[in-house]
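[1] Give the three-dimensional model of this entry:
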Amino acid sequence: MKKRIYNLLSVSKTPGDTSWWFDLFLIILISLNVIAIVIESVEPIRQKYEALFKGLELVSVIIFSIEYVLRIWTANEIKRFHRPITGNIRYALTPLAIVDLFAILPFYLPFIGLDLRVVRVMRLFRLFRLFKIARYVKALTVINNVFKERREELFIAIIFTFFLLLFTSTLMYYVEHEAQPESFASIPETMWWSIATLTTVGYGDIYPITALGKLLGGIIAVLGIGLFALPAGILASGFSEHLTKTNSKKDCCPHCGQELKRG
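    Prediction:
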């Protein structure tokens, strides 16, 4: 029984089988939930179809809750989670299992007497239902693999970005503070200007007025172009390498691993 349920819950590789139809059903249900969350924010529509939204929410939570419990229960069928109890707990701590939990958590919070203000904020977690679709979309799996492969380079780029943000904010604070004590009141407040400038957004609500400040602002804006191109280049390179590896595997015999000759 556990093996059958595990196979049903696993992403199908054979279009048209029972697991494939179950995957399709969950994808449609997740999509309906995301659409409902968006439409429900329109007050007139929410008031008119409130019963429909509540009905969809109740049915969805029941289905997602059963799915979550069954995934935890059948986790022992996965080789690295084969040990009873400890394997189930380890699976429950995986990213996709946490997403499944967060997708249903807001519904149950009011029953444990949590402050209603906290519950309203936690309702944002309903959007996690969108991430449940990740296990069914191959492109999202590729993105996840690329981020894993390039996590060290991306981490270095993020750290470098943070240091540059801190440096430019500190520098601009000391240059512009006397001329604009309200706009550049402190280094944390100056960080808003640095973020807007380094991302080349430039909202224009805060800007330097001194000659030195304008010069530094121009240099920082140019640095921002190259700075945010760095993670993009890392990811582009990662996608290119990943796709190259995938294509090379397709050109090899699945049994012996030897390259297949074309023509």
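[2] show me where pLDDT drops low in the chain?
    113-131, 133-140, 202, 246-263 (pLDDT under 70).
[3] what about residue 20, how many neighbours?
    14 (other C-beta atoms under 10 Å). Backbone N, C-alpha and C define where each C-beta goes, glycine included.
[4] ok, now which ones touch it?
    Residues in contact with residue 20 (C-beta atoms under 8 Å, 6 or more residues apart in numbering) are 12, 14.
[5] Tell me the first helix or strand C-terminal of the helix or strand harbouring it.
    Element membership for residue 20, per DSSP states H and E: helix 18-40. Note on helix 18-40: by DSSP H and E, the next helix or strand toward the C-terminus is helix 43-48.
[6] Tell me the buried residues in the helix or strand just after that next one?
    Later in the chain than helix 43-48, the nearest helix or strand by DSSP H and E is helix 50-73. Neighbour-count burial for helix 50-73 flags 53, 56-57, 60-61, 64-65, 67-68, 71-72 (criterion: 16 or more other C-beta atoms under 10 Å).
[7] what's helix 50-73 packed up against?
    Applying 3 or more C-beta pairs under 8 Å, 6 or more residues apart in numbering; DSSP states H and E, one finds that helix 50-73 contacts helix 2-9, helix 18-40, helix 86-92, helix 95-108.
[8] Next, the angle helix 50-73 makes with the helix holding residue 20.
    Taking axes from the mean of the first three to the mean of the last three C-alpha atoms, to 10 degrees, one finds helix 18-40 and helix 50-73 inclined to each other by 140 degrees.
[9] Just give me how far helix 18-40 sits from the chain centre.
    How far helix 18-40 lies from its chain's middle: 18 Å, per C-alpha atoms, centre = their mean, to the nearest Å.
[10] Okay, angle between the helix or strand containing residue 142 and helix 95-108 too, please.
    Using DSSP H and E, residue 142 falls within helix 138-149. Interaxial angle of helix 138-149 relative to helix 95-108 (the same axes, to 10 degrees): 110 degrees.
[11] of all the buried residues of helix 50-73, which comes closest to residue 107?
    residue 61 (4.5 Å; C-beta to C-beta).
[12] What sits closest to the closest one if chain neighbours are left out?
    In this structure, residue 61 finds its nearest non-sequential neighbour in residue 107, 4.5 Å apart by C-beta to C-beta, 6 or more residues apart in numbering.
[13] Any idea how many residues pack against the one you found?
    20.
[14] Show me which residues of the following helix or strand past the helix holding residue 142 are buried.
    Elements were assigned by DSSP H and E; along the chain past helix 138-149, the next helix or strand is helix 151-176. Under the neighbour-count criterion of 16+ other C-beta under 10 Å, helix 151-176 has 153-154, 157, 161, 164-165, 168-169, 171-173, 175-176 buried.
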